[in-house]
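Chemist: Following is a predicted model, sequence given first.
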Amino acid sequence: MTTGIEKAADLSAKFSFTMAAAAMLLALSACAGGPAVDSQSSASSVAAGNVVGPRDTGTFPNLNIKPGQAAPQFTDSEAKAKLAALEADRRTAQNPGRTAGARNDSAALRKLGATHAKDALREIEGKCDPALDPTCK
């Protein structure tokens with residue numbers, strides 16, 4: 001008769017073996033290549049211009065050629081204008097209510113914050129105000 005510990009150890013060994021087998025199958029499937037490509041089909045795809053990525057030209061690359069600019073450079077005035085626009089956007093994002101013409105309700109919100117807890121407790125405890133709750137008795 002086996003104990004619970006022996007059963008757990010046997011189950012752990014089986015699980016480890018299964019995981020090792022799955023890892024080996026995964027590694028072997030990564031090694032399997034697709035269908036073999038003959039030289040004529042690859043030559044026709046090169047001629048058609050369907051090549052993506054590097055291609056073998058049979059020569060070494062010339063590393064002395066200076067690469068060109070990826071995009072035209074900003075002038076100083078364009079850079080200052082873009083920085084000013086970004087700064088304006090940053091200020092707007094920090095305080096969106098002020099720029100949208102919203103009114104300043106901070107005093108009313110402070111008053112509501114000070115009285116809201118008292119009103120809520122009064123309603124919860126059953127000592128409600130009929131002015132606040134018309135269903136209050």
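Modeler: Good, I have the coordinates.
Chemist: Which helix or strand contains residue 71?
Modeler: According to DSSP states H and E, residue 71 maps onto no helix or strand at all.
Chemist: Would you list the phi and psi of it?
Modeler: Torsion angles at residue 71 (phi, psi; degrees, to the nearest 10) stand at phi -150, psi 160.
Chemist: before we move on, what about residue 63?
Modeler: Main-chain torsions, residue 63, degrees, to the nearest 10: phi -90, psi 0.
Chemist: count of residues packed around it?
Modeler: As a burial measure, residue 63 scores 5 neighbours (other Cβ atoms under 10 Å). The C-beta positions use only the backbone N, C-alpha and C, and glycine is treated the same way.
Chemist: repeat for residue 81
Modeler: 12.
Chemist: what sits against it?
Modeler: For residue 81, the contact set (Cβ atoms under 8 Å, 6 or more residues apart in numbering) is empty.
Chemist: Would you mind writing the CA trace of the helix or strand where it lies as PDB?
Modeler: Taking DSSP H and E as the criterion, residue 81 maps to helix 76-94. In PDB, the C-alpha atoms belonging to helix 76-94 read as follows (Å, rounded to 0.1, in the frame of the first residue of the first chain):
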ATOM      1  CA  ASP A  76      15.200  76.800 -35.600                       C
ATOM      2  CA  SER A  77      12.000  78.700 -36.000                       C
ATOM      3  CA  GLU A  78      10.000  75.500 -36.800                       C
ATOM      4  CA  ALA A  79      11.500  73.900 -33.700                       C
ATOM      5  CA  LYS A  80      10.500  76.900 -31.500                       C
ATOM      6  CA  ALA A  81       7.000  76.900 -32.900                       C
ATOM      7  CA  LYS A  82       6.600  73.200 -32.200                       C
ATOM      8  CA  LEU A  83       8.000  73.500 -28.700                       C
ATOM      9  CA  ALA A  84       5.600  76.400 -28.000                       C
ATOM     10  CA  ALA A  85       2.600  74.300 -29.200                       C
ATOM     11  CA  LEU A  86       3.700  71.400 -27.000                       C
ATOM     12  CA  GLU A  87       4.000  73.700 -24.000                       C
ATOM     13  CA  ALA A  88       0.500  75.100 -24.600                       C
ATOM     14  CA  ASP A  89      -0.800  71.500 -24.900                       C
ATOM     15  CA  ARG A  90       0.900  70.600 -21.700                       C
ATOM     16  CA  ARG A  91      -0.600  73.500 -19.800                       C
ATOM     17  CA  THR A  92      -4.000  72.600 -21.200                       C
ATOM     18  CA  ALA A  93      -3.700  69.000 -20.100                       C
ATOM     19  CA  GLN A  94      -2.600  69.900 -16.600                       C
END
